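K.L.:
one predicted model, sequence on top.
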Amino acid sequence: MSQAAPAQGVRLVVVHPDKEVLAQAAAARLLTRVLDVQSVRSPVHVVLTGGTVGIATLAAVAASPLVPAVDWSGVHLWWGDERFLPDGDPDRNETQAREALLDVLVAEHGLPEANVHPMPGPSSVATPEEGAAAYAAVLAEHAGSSDGGVGVPAFDVLLLGMGPDGHVASLFPGHEGLSAQGTTTGVHGSPKPPPERVSLTFDAIRAAREVWVVAAGAEKAERVAAALAGDPVAEVPAAGAVGQARTLWLLDTEAAAPTPAPAK
Ligand SMILES: O=C(O)[C@H](O)[C@@H](O)[C@H](O)[C@H](O)COP(=O)(O)O
């Protein structure tokens, strides 16, 4: 896998006072971006992320007065990764997203259940690899001509949280998933529990029109700085999270804090 992420599109770094404001701002940005895209094309494809900031963003969307402005019948929701746990498990990213937002969108705002595309878990497949293969097939079914032949829809916004080790989705430093071929990969030995997961690959992530990395907390600052400095993707996977047109880093002040230079 190439060490450095390909330079493509514009990168913006936006710093917010704290993680609550970050989630509110990311939610408002997401809703207005979906509205803008709907004014020129349909459907709109959005990739969701797990993690505390990702789920807080979805909860902020649910509380927003802008929700009724979106035609949810024309929105498809995907995941960047999923913990390989049974359907309904409280630790699944899907479960947390449904509780935070999706249940209301389906029940009250016309989001078709068929437009919600969760990654398979042990309730329907035997291994993370089977889950990855099944998800790749669904992604390919929805791929348009504008995905550059990658085999995924042209994701309009792909949300990613970032771990303190610089991982995004379930792509961890030094793990083989970083160089996985295709659009999805099974993950074993995740340093962040649970150990088994399903993840999009970088090929899928980089096919997105826009990639938004949301990160909060002092424990992220050093890896945020490393990613923004363009350190090798194998060391800081977030450095590889680049969108075709735009990459946004949406941070709170703690995650954006300058970090001391390493001792000589
Ligand atoms: O399955 C997961 O846990 C997420 O997809 C993962 O990639 C998460 O986004 C980061 O670990 C950041 O999580 P926090 O925002 O909670 O630090």
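P.N.:
Happy to help now that I have it. Numbering: from 1, shown residues only.
K.L.:
so Arg223 belongs to a helix, correct?
P.N.:
Yes: assignment of Arg223 by DSSP: H, G, I helix; E, B strand; the rest coil places it within a helix.
K.L.:
for Ser124, see how far away it is.
P.N.:
Separation of Arg223 from Ser124 (Cβ to Cβ, to the nearest Å) stands at 34 Å. Glycine gets a C-beta too; all of them are placed from N, C-alpha and C.
K.L.:
between these two, which is the more surrounded one?
P.N.:
Higher neighbour count among Arg223 and Ser124: Arg223, with 25 against 12, using other Cβ atoms under 10 Å.
K.L.:
helix, strand or coil for the residue nearest to the more buried one when sequence neighbours are not counted?
P.N.:
In space, and not counting its chain neighbours, Arg223 is closest to Gly166: 3.8 Å by Cβ to Cβ, 6 or more residues apart in numbering. Taking three-state DSSP as the rule, one finds Gly166 in the coil state.
K.L.:
find the helix or strand that Arg29 is a member of.
P.N.:
Per DSSP states H and E: Arg29 is located in helix 19-38.
K.L.:
picking that back up, look up phi and psi at the residue nearest to Arg223.
P.N.:
Per-residue torsions, Gly166: phi 90, psi 10 (degrees, to the nearest 10).
K.L.:
ditto for the one 3 residues further on
P.N.:
The main-chain torsion angles of Ala169 are listed as degrees, to the nearest 10 and equal phi 50, psi -130.
K.L.:
the stretch 51-200 of the chain: strands as residue ranges?
P.N.:
75-79, 81-83, 157-161, 184-187, 197-200 (DSSP state E, counting those that start in this stretch).
K.L.:
winner for burial among these?
P.N.:
Mean neighbours per residue, mean count of other Cβ atoms under 10 Å, is largest over the strands of the stretch 51-200 of the chain for strand 197-200, with a mean of 32.
K.L.:
sheet partners, orientation included, of that one?
P.N.:
Sheet pairing of strand 197-200 (DSSP bridges) gives strand 81-83 (antiparallel), strand 184-187 (antiparallel).
K.L.:
list the single closest residue to the residue of the stretch 151-264 of the chain found nearest the ligand in space, sequence neighbours excluded.
P.N.:
Nearest residue of the stretch 151-264 of the chain to the ligand, counting by Cβ to the nearest ligand atom: Gly161, 2.3 Å away. Excluding the flanking residues, the one nearest Gly161 by Cβ to Cβ, 6+ apart is Gly51, at 3.3 Å.
K.L.:
same deal with Gly54?
P.N.:
Nearest residue to Gly54 in three dimensions, chain neighbours excluded: Gly161, at 4.6 Å (Cβ to Cβ, 6+ apart).
K.L.:
likewise for Ala27?
P.N.:
Ala27 sits nearest to Ala60 (Cβ to Cβ, 6+ apart), 3.5 Å away.
K.L.:
and if you look at Phe172?
P.N.:
That would be Pro191: by Cβ to Cβ, 6+ apart, it lies 5.8 Å from Phe172.
K.L.:
in the stretch 1-150 of the chain, where is pLDDT below threshold?
P.N.:
By pLDDT under 70, the weakly predicted segments of the stretch 1-150 of the chain are 1-7, 145-148.
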